[in-house]
Every structure is written in structure tokens, then in C-alpha cells.
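Undergrad: Below is the sequence, then the predicted model.
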2 protein chains.
Amino acid sequence: MPFHSKQRMNTELDAFFDRVRPAIETTLGALLPPETSTPRRIHQAMRYSTLDGGKRIRPCLCVAGFTAYQKEWRLVLPVAAAIEMVHSYSLIHDDLPAMDDDDFRRGKYSCHKQFSEALAILAGDGLLTLAFEVLARSTDFPPERVLRVITVIGQSAGTSNGMIAGQVLDLEGENTEVTANQLEAIHRSKTGALIGAAVWVGAYLGGASVSDLSSIQIYCDRIGLAFQVVDDILDATDGHNRDEGKATYPGLFGLDKSRVIAHDLMTEAREALAPLGKRGDLLSAFCDYLETRTN
Amino acid sequence: MPFHSKQRMNTELDAFFDRVRPAIETTLGALLPPETSTPRRIHQAMRYSTLDGGKRIRPCLCVAGFTAYQKEWRLVLPVAAAIEMVHSYSLIHDDLPAMDDDDFRRGKYSCHKQFSEALAILAGDGLLTLAFEVLARSTDFPPERVLRVITVIGQSAGTSNGMIAGQVLDLEGENTEVTANQLEAIHRSKTGALIGAAVWVGAYLGGASVSDLSSIQIYCDRIGLAFQVVDDILDATDGHNRDEGKATYPGLFGLDKSRVIAHDLMTEAREALAPLGKRGDLLSAFCDYLETRTN
């Protein structure tokens, strides 16, 4: 892509973020039970951990997939918000002492430090439950499509090839030798699956054709893995080392080779979008953004 | 109800249990990922905690609600099994050290003792996720009905008036003075909501009329609360005292009054079924069973 074109795309993506992120915050705020509703503490914990100014990459990708086919992007906001709730629950549970034992998350106390371990477990459970309830209440899409969406999100968060599988493999791999293939499997399931599902679900609800959906499937696969490789690179270079003892791409391949891997995956992702023509522009811009992000 | 009639009903209920319980075990066994599928440990943990010969009261109630309207009771088995998965996840998380800290469950080690705390958290998460995925895959019922079922089960398990709300209120109430009203609210949300949802969902999918559903709603409300009152009574009389420090009906009212409360609730539940005529017989028999059960 020539430089001027990339510039233009990034400006478009910036405009997209400026428009969509506040809408996601508003939607999350409206869907989460108010802090004043009983039992207050758990609703405070759920809001504390969800409404904390994250980058909202998953819901933004969901909206981007949708806008490739539909103008009325606000229709998909509850679905995008539900996906963010699933992400948010996973962070709360990952941070628990029995898991990654992190006291901080995004510059503030993690949920169990701010509230209690019991409340953090329950707040995570509550977010996961609410996510499915929100999805099931979607009345803007045909019911059979919503059921498919729930299935896909369930799988991407699940124990077979989804997020929970990735977390188990990640914990099992701590302080042991992990092969490149194993690490790829961990990253694909732990992070890639939900990232990919976010895009796929957006495009699917937007009405993408079966042929477009299979192109998007490849895109999802590549950016999902690349996202976590970039995360590893950022962790290795920011000096925080929050994942001590865990296998990472820089740990296995070194920083330079990891950057090449991430770049190659993003290139494959962009190429997979070729059959979509102009429709793929925004999703393509996400590749640059995700590759070059600095946090 | 004259004695000979009650006898007859219990025989019918026994026959129902003999037929339905094995089918529920088989369905759960088929829906849970096999122990040999990667990552094995979490699938072992999920099966360990779910396939452990529980009484299957919730799925049995779901099937009973369904059979009031439909002969082909096997159709509702996946939905009944999903409800049991939600129950099973809640037991795993409740037993965690940060929660009720129970080392044993149904005569064997609780999940976190047998596996690890991390795996117990993730196994619970996995069961909850799988439950919604199983529901979303139901193709034997109209999609809009399945979405309603997911919503109702989500609410009954949720943080506002559902199971998680009850667990939060329960933990907050530990070692403090709890009023009768508060205790009723805890029991209704912690146990009553999912018990009630099981029956309601079965009847709804069976095709109960709106009028019958509102009768069943009252039945659900009464047996849901009564179930936990009976649980309290059993806990107080079996000498185990697993809920030390927690408010219970016998603690607040004494054993005799608690038995009267449970009996009165069951009577109200049975009376609510009157408009259903013969259709209500099996659900009515559940009242006797739930009131007089000894474990």
C-alpha cells in the first residue's frame, strides 16, 4: 500500500474510533446494572472492571465487520458490548491469585484487589452470564442468526479451542519448554478465537455472503494470532514482564523474528480481504493499527 | 390428598425418576467434552464435578414441566442438561476457598481440592459457557423460543435477582443479623430462581398456554423458596453444619416453624397447579418429594 493511501486509511480508522468508542462506552454503561441496584457491590465490581477505558478492540472489530455490509452500525452495538463483557470477565478471572495473580490492570487495582476475591469471581461470572443474556435479547436480527452468534461466541470463549482452553494451556505451559506449535495453539485459543469471533459475528450479522465470510474467516485467524504476538512484543519491550515464566514469541524467536511473524500474519490478513474490494478497507486498516499499536 | 392417591403419585414419580435420570446422565455425558480431548485436565474437572450422581432435581423438574404438555420428553433433555451445567458451575465456584471454602462435595473432594483452584475457576467458567452454547444449538424448538429460554436462564443465574445475586447477599450476610425478609430474598435468588426457571422453561418449550404459564410461575416461586428452606432443615439436622455463620430458616425460626413454612409453601405450590388439572399431577408430586426428601 503506498504511503498516502495508508495515511488516508489511518485517518478513516481514527474517525471510526472517535465515533464508535464512545458509543460502545455508552452501550456498556446502559447494559450493565447500575451501581445503585442490589446487590450493589457486585454491580460496582462489574462496572469498575468493564468501564475502565480499555481500547475496546474487540467491539470495534465487531462494528467494523458489520459496517462492511451495513450503514446502521448502531444496531450491532449490544452484540459488540456483549463481546467486550466476555473479554472483561476473562481479565478479572485471569488476574485472580490462583491464576496469573496480578494486582494491577490498566493502571488501577485489579478487581480482586479493589473488591475481594469472592466478588471478583462472582463479577466475572456475572459478566459472562449477562453477555449471553444481552445476546439473547437482540431483537434487531433474525432469531436463528442470533442463536448462531451465541454459538460462535460460546465456542470462541470455550474450553475446546477457545479462550478457556488457551488459559489452561497457558497455565500448564508455565515454566516448562513450550514448542512453537504449542505456543501458536495457546495464542490462537487464548486471544485469537474471541478477536476473530468479534469480526466474524459483525460481518455475519451485517449480511456478508458465505463466500465473503470464508475470506473473513482467514482474516480473523491471522489477526487473532498476530494480535497476541504483538502483545508479547509489547510486554517484552515495556519492561513490565507481567508474564514472567510464560512462553512468548519474543522468548521463543527473539524480538526481530517476532516482529516479522506479526507483520507476515497481518499481510496475510490483508490479502485475505482482497475479494471484498472496498468493503474490506476498514478491516484492512485495522491490520496496520494492530501491528503498530504501542499499548 | 388422600393417602392412597399420594402413594400412587409417588410411584409415578419414582417411575419418572427411573426413566429420566439415566437419560439426563447420558445427555450430560454426551454434551460434555470427553476426558481425552485437549486440554484434558479441564475436561476431566468439568466431568468430575458434573457427572457425580447428583439428584438432578433441576433437569428433572424441567422434563416434568415439559411432559405436562408433550409426550416426547427426550426433546428437552439438552435444555435440562444445560440447566444442570449451570447448577454444577455454581457449586464449583461456591466451594472455592475465597467463597464457602468447602473441601468436600457429595462425598468426594470438591473440584479445587481434586484439581486446583485455577482449574476449578476455569471448569466453572467452562460449564457456564457450554450451557449457553448447548442452549443456542437447540434445533428442536423455534429459535425465538430458544432465545427466550436463554434470557430466562441467564436472568435466573444472574446478578440482579438470580443465583449470583443470592451468593453475594449470602456472603455479605455471613456473621451478621439477617432479617426474615432478607433471608427470603437470599433463598429466592440463590436457589429459587434457577429451580423455578427449570420448570418454567420446560413448560414453555412444551407449549403451555400463557394462562398455564402464570399458574406455573406461582408454583415455581413457591417450590424454589421451599427447596432451600428444606435444604436448611436438612443441614441443621444432619449435624454437618456446612453453612456455619450463615443465616438459615431453622436459625431464624427454629426447626418446627421452618417445617411449617416449607409445608405451607408446598401447599401453595400445589394449589397454584389446580387450573392445570391432570397436567399438574407430576409437578404436584414433586412437592411431596421435595418436602420429604432426606438428602
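TA: Done, it's in. Remember, predicted model here, so these are calculated numbers, not experimental data.
Undergrad: what residue ranges in the stretch 151-295 of chain A score low on pLDDT?
TA: A:239-244 (pLDDT under 70).
Undergrad: And the residue of it closest to chain B?
TA: Chain B sits closest to A:Gly154 of the stretch 151-295 of chain A, with a gap of 3.3 Å, by CB to the nearest CB. All C-beta spots, glycine's among them, are computed from the backbone N, C-alpha and C.
Undergrad: Look up how far B:Arg74 lies from the residue lying closest to that residue once chain neighbours are set aside.
TA: Leaving out its chain neighbours, the residue that sits closest to A:Gly154 by CB to CB, 6 or more residues apart in numbering or on different chains is B:Glu133, at 3.3 Å. Relative to B:Arg74, B:Glu133 is positioned 20 Å away (CB to CB, to the nearest Å).
Undergrad: cool, A:Leu130 as well?
TA: Distance from A:Leu130 to B:Arg74, by CB to CB: 31 Å.
Undergrad: The residue nearest to A:Gly154: neighbouring residues, count only.
TA: Number of residues near B:Glu133 (other CB atoms under 10 Å in any protein chain shown) recorded here: 23.
Undergrad: List the contacts of it.
TA: Contacts here follow CB atoms under 8 Å, 6 or more residues apart in numbering or on different chains; on that basis B:Glu133 touches A:Ile150, A:Thr151, A:Gly154, A:Gln155, A:Gly158.
Undergrad: helix/strand/coil for A:Glu12?
TA: Here A:Glu12 is recorded as helix under DSSP: H, G, I helix; E, B strand; the rest coil.
Undergrad: what's the closest non-adjacent residue to it?
TA: A:Ala285 (6.3 Å).
Undergrad: Was I right to think the one you found contacts A:Asn10?
TA: Yes: if you go by CB atoms under 8 Å, A:Ala285 and A:Asn10 touch, sitting 6.4 Å apart.
Undergrad: Which of these two has more residues huddled nearby?
TA: Neighbour count, other CB under 10 Å: between A:Ala285 and A:Asn10, A:Ala285 has more, with 22 against 14.
Undergrad: For whichever helix or strand A:Ser214 is part of, enumerate the helices and strands it packs against.
TA: Element membership for A:Ser214 (DSSP states H and E) is helix A:210-237. Judged by 3 or more CB pairs under 8 Å, 6 or more residues apart in numbering or on different chains; DSSP states H and E, the packing partners of helix A:210-237 are helix A:57-67, helix A:180-187, helix A:193-206, helix A:249-253, helix A:255-272, helix A:281-292.
Undergrad: chain center to it, what's the gap?
TA: Taking CA atoms, centre = their mean, to the nearest Å, one finds the center of helix A:210-237 at 10 Å from the center of the full chain.
Undergrad: Contacts only, for A:Pro97.
TA: Counting by CB under 8 Å, 6+ apart, A:Pro97 touches A:His112, A:Glu117.
Undergrad: My reading is that it lies in a strand. Confirm?
TA: No: using three-state DSSP, the assignment for A:Pro97 is coil, not a strand.
Undergrad: just checking, which of the contacts of B:Glu133 belong to helices?
TA: Among the contacts of B:Glu133, the members falling in helices (DSSP state H) are A:Ile150, A:Thr151, A:Gly154, A:Gln155.
Undergrad: was I right about the second one contacting B:Arg137?
TA: It stands for A:Thr151. Yes: using CB under 8 Å, A:Thr151 is in contact with B:Arg137, at 5.9 Å.
Undergrad: if we can go back for a sec, helix, strand or coil for the residue nearest to A:Gly154?
TA: Note that with three-state DSSP, the state of B:Glu133 is helix.
Undergrad: Other residues contacting stretch A:270-283?
TA: A:9, A:12-13, A:16, A:61, A:64-65, A:67-69, A:199, A:211-212, A:215-216, A:218-219, A:222, A:284, A:287.
Undergrad: Stretch A:274-291: which residues count as buried?
TA: For stretch A:274-291, burial by neighbour count (16 or more other CB atoms under 10 Å in any protein chain shown) applies to A:276, A:279-291.
Undergrad: next one: stretch A:193-209
TA: For stretch A:193-209, by 16+ other CB under 10 Å, it's A:193-206, A:208.
Undergrad: Next to chain B, which bits of the stretch 101-250 of chain A? Give me the list.
TA: By the criterion of CB under 8 Å from any CB of the partner chain, the positions of the stretch 101-250 of chain A lying close to chain B are A:116-119, A:121-122, A:124-126, A:128-130, A:132-133, A:135-138, A:142-144, A:146-148, A:150-151, A:154-155, A:157-160, A:162, A:164-165, A:167-169, A:171-172.
Undergrad: Filter those residues down to just the ones in helices.
TA: Filtering these for helices - DSSP H - leaves A:117-119, A:121-122, A:124-126, A:128-130, A:132-133, A:135-136, A:143-144, A:146-148, A:150-151, A:154-155, A:157, A:164-165, A:167-169, A:171-172.
Undergrad: Buried among these? Make that a PyMOL selection.
TA: Remark: buried members of those, expressed as a PyMOL selection using 16+ other CB under 10 Å:
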select buried, chain A and resi 117+118+119+121+122+124+125+126+128+129+130+132+133+135+136+143+146+147+148+150+151+154+155+157+164+165+167+168+169+171+172
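Undergrad: ok, back up a step: ok, so of the buried residues of stretch A:193-209, who is nearest A:Met46?
TA: The closest of the buried residues of stretch A:193-209 to A:Met46 turns out to be A:Leu194 (CB to CB; 18.4 Å).
Undergrad: still on that earlier bit, could you dump the buried residues of stretch A:274-291 into TSV with distance to A:Arg56 added?
TA: Listed next are those as TSV, based on distance: CB to CB, whole Å:
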residue	distance to A:Arg56
A:Leu276	23
A:Arg279	22
A:Gly280	21
A:Asp281	20
A:Leu282	15
A:Leu283	16
A:Ser284	19
A:Ala285	16
A:Phe286	12
A:Cys287	17
A:Asp288	18
A:Tyr289	12
A:Leu290	13
A:Glu291	18
